[in-house]
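mind folding the following:
(chains A and B)
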Amino acid sequence: MTKPIKTIFVGTPEFSVPYLQGLLADPDFLVTGVITQPDKPSGRKQTLTPSPIKLLAQANNLTIWQPEKLRQDESIVAALRNSGAVLMVVVAYGQIIPQSILDLFPLGAINVHPSLLPKYRGASPIQNTILNGDKVTGVSIMLMDAQMDHGPILAQEITDLDGEETNESLHFKLATTGVPLLLATIKNYLNKSIAPQPQIDSEATFCQMITKEDAKIDWTQSATAIKQKIYAFYPWPATWTMLDGQRFKIFPKVEVLKKSGPAGQIEVNDGQLVIYCGVDALQLQQIQLEGKNRAPAADFIRGYQIKNPILK
RNA sequence: CGCGGGGUAGAGCAGUCUGGCAGCUCGCCUGGCUCAUAACCAGGAGGUCAUUGGUUCGAAUCCAAUCCCCGCAA
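Model (predicted):
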């Protein structure tokens, strides 16, 4: 390729950042603008906070669009057309992109999805991979169409899981394989050395957006299931339960022990904090009580006097 | 002014309501016991009680303001 490909990048959270960085660092691409979610109130003081992608775009003096509703924003269509961009790359944007915008790019719109499509279409593929205790996952690069995560696949790369991955570490791991895969795949696709493969829709599974209620622990579940939940929701929204009427967060790592007792019962023994589950028990290492800083379980035991040793 | 918890020795906390010797569990240092140890015994060091001002004979504690950390919410 002789001329750099004029590209629009579309993305929002931390997950998108390495992909934009990869495109910026590659001389075959010229990122001319970025579409990201509007600044949202965040933090305790409800201050407006720009998305990670916006910060990176600002640092590189890129044009930034932050439509409230991309679907209804007519002005952006003209702006994109005038930008001369021929390719769109979408990584975790957070809004549906209408066909009218996809059609603006002669070379197409390419999407990165952190699962082995058609498995885990939707909003929380990484979390669900861990939640279900999968042994393998991966990154898919696909051409976008009007349906969510439905377009034909250009490339996939499989990643093995060791059972100790958190949402955070798996995000990172998939970025390290996904970024080079994205760059190489775009070039191969434009060279016509790979052909898009339609997804097998009958094998598709879907995942919903994670809510904080999803992250509450049901202690009658097995210790293994609860462990997967703790890892899947770390660091956000953080798996939690209630202790003495206060929110009690549990962070990795945790260990499954072959012990049984009443579900939700706390046992303190030899400086170890163990909670009985529906099947087996969990030994905790990092916890946080409402209003307190995160602390090692041993420190927590030393200082906190438990009133009612049952977690709910 | 969205709601709430917190700041006390290196760590985690009690003490604050009801003002009156700076405490607990650990960690650290020294010595002892022990074949040995994360065990046990004895001794020790380590504090601007977040900051500033006020009330008081006397403030970690009561009053006012400020800074910082955290949970909820968004």
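
how much space separates A:S124 from RNA strand B?
16 Å (Cβ to the nearest atom of the strand, to the nearest Å). (Each C-beta comes from the backbone N, C-alpha and C, glycine too.)

so what's the closest residue to RNA strand B within the stretch 51-200 of chain A up against?
Using Cβ to the nearest atom of the strand, the closest approach of the stretch 51-200 of chain A to RNA strand B is made by A:S51 at 13.0 Å. By Cβ atoms under 8 Å, 6 or more residues apart in numbering, the residues touching A:S51 are A:12-13, A:36-37, A:39-40.

just give me the least confident of these.
Ranked by pLDDT, the contacts of A:S51 bottom out at A:K40, which scores 81.

what number of residues lie near the residue lying closest to that one once chain neighbours are set aside?
Of all residues not flanking A:K40 in the chain, A:T49 sits nearest, at 6.3 Å (Cβ to Cβ, 6 or more residues apart in numbering). Burial of A:T49 is recorded as 13 neighbouring residues (other Cβ atoms under 10 Å).

next: the one 10 residues further on.
When counting by other Cβ under 10 Å, one arrives at 9 neighbours for A:A59.

next one: A:V89
A:V89: 28 neighbours (other Cβ under 10 Å).

these two touch, right, it and A:Y19?
Yes: under the criterion of Cβ atoms under 8 Å, A:V89 makes contact with A:Y19 at 7.1 Å.

the residue nearest to A:G271 when sequence neighbours are not counted sits in which helix or strand?
Of all residues not flanking A:G271 in the chain, A:A298 sits nearest, at 5.0 Å (Cβ to Cβ, 6+ apart). In this structure, A:A298 sits in helix A:297-303 according to DSSP states H and E.

which strands or helices does that helix pack on?
Counting contacts by 3 or more Cβ pairs under 8 Å, 6 or more residues apart in numbering; DSSP states H and E, helix A:297-303 packs against strand A:272-276, strand A:281-289.

so for RNA strand B, which of the ones you listed sits nearest?
The nearest among those, by Cβ to the nearest atom of the strand, is strand A:281-289 at 6.0 Å.

hmm, back to that, which residues does the residue nearest to A:G271 contact?
Counting by Cβ under 8 Å, 6+ apart, A:A298 touches A:271-273.

how much space separates it from A:Q286?
The spacing between A:A298 and A:Q286, counted by Cβ to Cβ, to the nearest Å, is 10 Å.

distance from stretch A:103-117 to the middle of the chain?
For stretch A:103-117, the separation from the chain centroid amounts to 17 Å (computed by Cα atoms, centre = their mean, to the nearest Å).

what about it, average pLDDT?
For stretch A:103-117, the per-residue pLDDT averages 90.

for the longest strand seen in chain A, name the packing helices and strands.
Criterion DSSP state E: the longest strand present in chain A is strand A:246-257. The contact analysis (3+ Cβ pairs under 8 Å, 6+ apart) places strand A:246-257 against helix A:223-232, strand A:240-243, strand A:281-289.
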